[in-house]
Every structure is written in C-alpha cells, then in structure tokens.
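S.K.: Here is my input; please provide its structure:
(one chain, ligands or ions: 1)
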Amino acid sequence: AVTLALTVLAGAGPAVSAWLTGLLVDELTSGAASTGLAAVLVVWPPMVPLLLICPATAVLARLATAWREASTEESWVAADRRRLFYRSLLTDVRAAKEIRLFGLGNLLRARMVDSLTAVSGARLAADRPRTLAQGALALLGPVVGGTGTVVVAVGVGSGRASVGDLVLFLGTVAGVQGGVSGVVLQLGVGAGRAVRLFGRYLDVLATPDDLPQGRETPSGQAEIRFHDVWFRYRDDGPWVLRGVDLAIPAGAAVGLVGVNGAGKSALVKLLCRFYDPQRGSITWGGVDLRELDLAALRARIGVVFQEFTAYDLTAAENIGIGQVNALGDRGRVTRAAITARVDDVVDALPDGYDTLLSRTHADGGRTGVTLSGGQWQRAALARCLTRDDAGLLVLDEPTSGLDAVGEHRVHETLRRHAAGRARLLVSHRLSALRGADLIVALSGGRIAERGRHDELMDAGGEYARLFRLQAGGYQDGRVR
Ligand SMILES: Nc1ncnc2c1ncn2[C@@H]1O[C@H](COP(=O)(O)OP(=O)(O)OP(=O)(O)O)[C@@H](O)[C@H]1O
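M.R.: Sure thing, here's the model as predicted:
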C-alpha cells in the first residue's frame, strides 16, 4: 500500500514544484512591472496605498478561499470515488453479463448520479464564496482606478500635475493591477491543493515500511516451515490463523483443504509475504522470510491465485509475464503453455501466440478475441510455470474451472513437471489432492488434521467425511 501511495503521490512533488515555479515566474514578472511603475508613483505618495489596495485585497481573498476549497475537497472526495467506481463498473466488460442479467444498470446509474449530485453540490457550495469575492474584487478595481484618476485629473485641472502625469498614472494603474493578477491566478489555481498534497506526500515518505526486508537470498529448493504462526488482518480483528505449525519439505506436494473462510488463502498470502504474521515465523531453508530479500523471495515462488488476472495483452505476454525479465523468450512461453495444456488453444487463435486477448481493445481493426474461463485458468497456470527456477509452486484452486479430463491431465503433468519443487495445492475438490505427500485440513485457522489420504480416511475425521460426501455424488450403479 505504501509503495502504491508513493507511486501515486510521487506526482505531488513535481506538481508542487511546477506550481511554485509558475508562481515565482509570475511573481518576478509582475514584481518587475509593479516595482518599476510603482516607483513612478512616488510622484504622488498618497496614491500608492490606494492603488495597492486592490491587488493586496485580491491576494488575501484568494488565499483565504483557496485554503477553504482545499479543506472542503476532502468532504466530497469519498463521494467522487464512489462515482468513479460506479462509472467504471458500468463500462467494465467483465461486469456486463451480471449487470444485464440481474438488471443492475438502473441501480448503478442512479447511484452514480447520486454521487455526482453530492459532489457537484459540495463543489458549488465551495465555489460560491470565491465567486462572490471575485465579483467584489472586480468592482473594487475600477472604483480604485476611477477614484485615483479623478484625483489626478483634478490635480491636472488645478495645475498641481501635468497631462503627462495623468497618462503615466493611468498606465501605472493598468500595470500594477494586471501584473498582480498573474500571482492571484496562480494562487487560485493550485495553492491550497498543492500544499495539502505535498503534506500528504511528506506523510507517506515518513511512513515506516510495513514489510521491512532483509538481504539474504533464498535457496532454490528448501524446506518451508510455519512455526506457531498467528495472523490477523487488523490488530483489532479476529485471528485468521491460530498457531499453525506446518512443514512443506523440498520437493513435496502438500494439499490444503478446509471450508470457506478457514484461512487457506491467508496462509498463501503469508508465504508470498504480502503480510507478516503477528506471532511466530515462517522459514525458508531455516531462514526467516523477514530476513530474505523480498524480490528474491517472490522470484522463487510461482503462484496461480484463486482470483488470477486475465490481462488485456497478447497470449504470449499473458503467459510470459510470469517471468517478466524473459518476456520475449518464446521458447519458455511455449514450454509452459504445453505443460499447462493450453498450447493447442493458443495455436488455434487467429494470430497464435501474438493474438491480443481483449474484448476492450481492438487488434489491428480486428474485434477482440478472448478465452473461456477454463482456458484462461490454463493460461494463468502456464504463467506460473514460466518460473523454471521457482522453489515453491502455490496453486490455489488451479483447476476449478477445468473440465474433468483437463483437470486430471493437468495434475498428471504438474506432478511430473514439478518434481523436486515444493507444491502447495489448495482445492475444494479433494480428489485433486489425493496423491499429495501430505494433506492438511484447516478449520477456523487451526490445523485440524494432517496425514496422507489413506491415513486421513482411516482416521475417519472431517477429511474422511468430506471425501465420502464428494465421492457419494459420483455413486451410480452404472459406474464401476
Ligand atoms: N483482506 C482481508 N481483510 C480482512 N479479512 C479478510 C481479508 N481477506 C480475507 N479475510 C477474512 O479472513 C478469513 C479467512 O479467509 P481466507 O480467504 O483465507 O479463507 P479461505 O480458506 O481461503 O476461504 P475460501 O475457501 O472461501 O477461499 C475469512 O474470515 C475472511 O473473511
């Protein structure tokens, strides 16, 4: 989160400096004009303060309204984010099916309009004082200029000043007011917002890294071990993992089962070090994950997440980004595609591996091509398999969308391909885990059972109950 915030806020530094530069340039330009002209005004000292009233008032009024605008902006930012969310949902091709089938269009549009109304109302309310101030200042300028002109004209009439003085005075009025208006404009455009944004930028810079990292390099193939791991997402939230002790030996296949919400994905996230456990530790080859270089650790892990991403990229890129520093290595991509059994699907695409998989972006005038759910899943598996040197493969429901033949074949191929590397397989389909070296059943964040399939079946616990339940669904007198 800090990295993302830094990336977004990194724009704040340049934005503020650009604004300050603009302000400085305007300041210098108008300052030079004003100083030169104001010097002439020394001819009529009493007129100097009168002439400066207008720009000084404008600057002060603009500063006051800019601060006010910046602070009220926070009140409508949340509504604006909701508006953007509803807008993106209404234009997201992936959401289109549900929106149409469930008839969500009107609901989402109404919510978007409500958010827009709230934002517009708040913005109008914030704009009102500025408009009033600008109107008043627009009147003040001519009044001051006119008064001064009358005074000088009277002076000309009485012989205290010349016509040349009057011309000089009129030029000065225009010069001073016009010059300072540049500064006022800059203040109006970005002062409050830029300073506030810069404050946020500094806050983020000062935020300590929530994932401090070490320097050690993880070994290629090593035992991974959870030592009494306790984890929760927030310090005041419920425990999601409670005292997990688990060893994943190098080269072993470990199956993870458990009901929804048991904590399986949380365990995967800890392995990838998206979070650190609050208590206990996880070691890779005996070294605490916190002492390892984060990028090096993640480079050693190949993952298919339960909610993997389908990228609007070519088929080759969708697979190749698994090993982004070898993105152009077509041999690696095709090898992974063959192992994940998606090569024939890709070969059948209009441009093979170079086909853009997108329904949003056109490819050379051709309408988008996309894959089926199971084919996407195979592509995600291939992406994971491009990591030849991964010491751990984490497969979170990697075959849930595959047909029965596809699932069986993928598991067979994986078994051969992954020999020597640790595998953590998460699945609700217990048959997919049957051949694992160790099966671990999580329940409420604790390990309730562990053992090989046969041992767990003999034990007659929850695993055996669930396995029989699933197997029962396939019982039919005609099946032998
Ligand atoms: N980002 C999050 N912030 C807070 N709580 C979360 C978050 N993600 C998951 N949880 C909670 O953590 C608990 C464990 O969720 P987890 O996704 O690990 O379960 P799971 O075993 O993978 O379930 P499933 O079989 O449904 O995928 C759940 O109670 C869930 O509500």
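S.K.: Tell me the confidence at the residue in the stretch 101-250 of the chain positioned nearest to the ligand?
M.R.: Per CB to the nearest ligand atom, Y233 is where the stretch 101-250 of the chain lies closest to the ligand, at 3.6 Å. (Each C-beta comes from the backbone N, C-alpha and C, glycine too.) On the pLDDT scale, Y233 is placed at 95.
S.K.: three-state assignment of it?
M.R.: What DSSP: H, G, I helix; E, B strand; the rest coil gives for Y233 is coil.
S.K.: The residue nearest to it when sequence neighbours are not counted: how many residues sit nearby?
M.R.: Once flanking residues are discounted, Y233 sits nearest to V240: 6.6 Å by CB to CB, 6 or more residues apart in numbering. A total of 20 residues lie near V240 under the criterion other CB atoms under 10 Å.
S.K.: rewinding a little: surely the residue of the stretch 101-250 of the chain closest to the ligand and L241 touch.
M.R.: No. Between Y233 and L241 there is no contact under CB atoms under 8 Å: 10.5 Å.
S.K.: quick one: which of these two has more around it?
M.R.: Ranked by neighbour count (other CB under 10 Å), Y233 and L241 place L241 first, with 25 against 11.
S.K.: right, and that one touches L256 too?
M.R.: No. Using CB under 8 Å, L241 is not in contact with L256; the gap is 11.8 Å.
S.K.: Which strands or helices does the lengthiest helix in the chain pack on?
M.R.: Criterion DSSP state H: the longest helix present in the chain is helix 105-158. Under the contact criterion of 3 or more CB pairs under 8 Å, 6 or more residues apart in numbering; DSSP states H and E, helix 105-158 touches helix 47-90, helix 163-206.
S.K.: In terms of mean pLDDT, which of those ranks lowest?
M.R.: helix 163-206 (a mean of 69).
S.K.: In the one helix or strand D454 maps to, which residues are buried?
M.R.: Here D454, judged by DSSP states H and E, is contained in helix 453-459. Going by neighbour count (16 or more other CB atoms under 10 Å), the buried part of helix 453-459 is H453, L456.
S.K.: what separates that helix from the chain centre, distance-wise?
M.R.: Helix 453-459 has its C-alpha centroid displaced from the chain centroid by 44 Å (CA atoms, centre = their mean, to the nearest Å).
S.K.: pLDDT (mean, whole number) over that helix?
M.R.: For helix 453-459, mean pLDDT is 93.
S.K.: send the alpha carbons of it over as PDB?
M.R.: What follows is helix 453-459, C-alpha atoms only, in PDB (Å, rounded to 0.1, in the frame of the first residue of the first chain):
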ATOM      1  CA  HIS A 453      -5.000 -39.600   2.100                       C
ATOM      2  CA  ASP A 454      -5.100 -43.200   3.300                       C
ATOM      3  CA  GLU A 455      -4.200 -42.200   6.900                       C
ATOM      4  CA  LEU A 456      -6.900 -39.500   7.000                       C
ATOM      5  CA  MET A 457      -9.500 -41.800   5.500                       C
ATOM      6  CA  ASP A 458      -8.600 -44.400   8.200                       C
ATOM      7  CA  ALA A 459      -8.800 -41.800  10.900                       C
END
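S.K.: After it, which helix or strand is next?
M.R.: Per DSSP H and E, the first helix or strand lying C-terminal to helix 453-459 is helix 462-472.
S.K.: What lies in contact with that next one?
M.R.: 257, 429-431, 439, 441, 443, 448-449, 453, 456-458 (CB atoms under 8 Å, 6 or more residues apart in numbering).
S.K.: Show me the domain layout of the protein.
M.R.: Annotated domains of the chain cover 2-206, 224-472 [automatic domain parsing].
S.K.: ok, R446 - contacts?
M.R.: Here R446 is in contact with R242, G243, V244 (CB under 8 Å, 6+ apart).
S.K.: Quick check: phi and psi at L395.
M.R.: Note on L395: its backbone torsions stand at phi -120, psi 100 [degrees, to the nearest 10].
S.K.: go on, I447?
M.R.: Backbone torsions for I447, taken as degrees, to the nearest 10, come to phi -80, psi 110.
S.K.: do the same with P398
M.R.: Here is the backbone geometry of P398 (degrees, to the nearest 10): phi -80, psi -10.
S.K.: Could you measure from it over to R383?
M.R.: Here P398 is placed at a distance of 11 Å from R383 (CB to CB, to the nearest Å).
S.K.: Please enumerate the shared neighbours of those two.
M.R.: Contact criterion CB under 8 Å, 6+ apart; residues shared by P398 and R383: V304.
S.K.: Now for this structure, the helix or strand with the poorest mean pLDDT.
M.R.: Every helix and strand of the chain was ranked by mean pLDDT, DSSP states H and E. The lowest is helix 2-9, at a mean of 46.
S.K.: The residue of the stretch 51-200 of the chain found nearest the ligand: what's it in contact with?
M.R.: With CB to the nearest ligand atom, the shortest gap between the stretch 51-200 of the chain and the ligand falls at F85, namely 17.7 Å. Not one residue lies near F85 by CB under 8 Å, 6+ apart.
S.K.: Quick check: the gap between it and F169.
M.R.: Following CB to CB, the distance that separates F85 from F169 is 58 Å.
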